[in-house]
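# Below are the sequence and a predicted model; questions follow.
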Amino acid sequence: MNLCSLVDNRLISFDFAAGSKEDIIHKAAEMMLKAEKISNKEKFIEEVFKREEEFTTGVGMGVAIPHCRSAVVIQPCFALLKLQTPLAWDSLDGEPVRYVIVLAAPENAANDFLNLLSTLSYNLMDDDFRAVLMNASSIEEIKKLFTERGEK
């Protein structure tokens with residue numbers, strides 16, 4: 001899945017203010033609703049938290065990837081949120097989260113969803129990719145990063 005093709009300016013924040021994991025998920029859902037990527041904010045939030053209960057989405061290295069597949073998702077998307085202040089997320093490495101990537105895919109898009117999640121996860125394991133993402137301050141930098149990485 002081409003990450004660059006899913007970049008939506010309305011779903012990116014380089015100075016995201018949030019006080020908790022719950023606050024982040026609620027605000028990201030509101031962004032997705034306004035961008036017409038989801039049809040029901042409350043249901044989306046419920047399903048993201050249901051997934052979060054199964055296993056933490058704090059993958060470590062300062063990153064969390066809360067996600068879900070849902071009937072309320074209109075089209076695959078993700079929100080990129082660089083937090084103003086690092087927050088606890090019950091991450092695998094015990095470190096606070098500085099960057100949150102909220103993934104959403106339609107319920108019937110299992111392959112696309114798994115491809116998106118695995119592509120992001122694979123790239124986030126790379127120190128250089130992660131450093132550029134964490135330090136990006138413009139949508140153009142994000143698009144360039146995703147374009148350079150292609151389908152890795």
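Arrived safely, thanks for sending. Residues are numbered from 1 along each chain as shown.
# Show me what the helix-or-strand element of the chain with minimal mean pLDDT is packed against.
Per-element confidence for the chain was summarised using mean pLDDT, DSSP states H and E. The lowest value among helices and strands belongs to helix 110-124, with a mean of 83. With contacts taken as 3 or more Cβ pairs under 8 Å, 6 or more residues apart in numbering; DSSP states H and E, helix 110-124 sits against strand 67-70, strand 97-106, helix 127-135. No exception for glycine: its C-beta is placed from N, CA and C like everyone else's.
# do you know which of those lies nearest residue 82?
strand 97-106 (5.5 Å; Cβ to Cβ).
# circling back: tell me which of the helices and strands packed on helix 110-124 is the most buried.
strand 97-106 (a mean of 23; mean count of other Cβ atoms under 10 Å).
# got the angle for it vs helix 127-135?
Compare the direction of strand 97-106 with that of helix 127-135 by axes from the mean of the first three to the mean of the last three Cα atoms, to 10 degrees and you get 90 degrees.
# low-confidence ranges in the protein?
Segments of the chain classed as low confidence (criterion: pLDDT under 70) are 1, 150-152.
# List the contacts of the most centrally placed residue in it.
A centroid search over the chain (Cα atoms, centre = their mean) returns residue 101, at 1.7 Å, as the residue closest to the centre. Contact analysis of residue 101 by Cβ atoms under 8 Å, 6 or more residues apart in numbering lists 63-65, 78-81, 120.
# May I see the buried residues of the least confident helix or strand of the chain?
Buried residues in helix 110-124, counted by 16 or more other Cβ atoms under 10 Å: 112-113, 115-117, 119-120, 123-124.
# That helix versus strand 97-106: what angle between them?
With the same axes, to 10 degrees applied, the angle from helix 110-124 to strand 97-106 works out at 160 degrees.
# mind saving the C-alpha coords of helix 110-124 as PDB?
What follows is helix 110-124, C-alpha atoms only, in PDB (Å, rounded to 0.1, in the frame of the first residue of the first chain):
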ATOM      1  CA  ALA A 110      -8.400  -6.800   5.800                       C
ATOM      2  CA  ASN A 111      -5.600  -7.100   3.200                       C
ATOM      3  CA  ASP A 112      -5.300  -3.400   2.800                       C
ATOM      4  CA  PHE A 113      -5.300  -2.800   6.500                       C
ATOM      5  CA  LEU A 114      -2.700  -5.500   7.200                       C
ATOM      6  CA  ASN A 115      -0.500  -4.200   4.400                       C
ATOM      7  CA  LEU A 116      -0.800  -0.600   5.800                       C
ATOM      8  CA  LEU A 117       0.000  -1.700   9.400                       C
ATOM      9  CA  SER A 118       2.900  -3.900   8.300                       C
ATOM     10  CA  THR A 119       4.400  -1.200   6.000                       C
ATOM     11  CA  LEU A 120       4.300   1.400   8.800                       C
ATOM     12  CA  SER A 121       5.600  -1.100  11.400                       C
ATOM     13  CA  TYR A 122       8.500  -2.200   9.100                       C
ATOM     14  CA  ASN A 123       9.500   1.400   8.400                       C
ATOM     15  CA  LEU A 124       9.200   2.500  12.000                       C
END
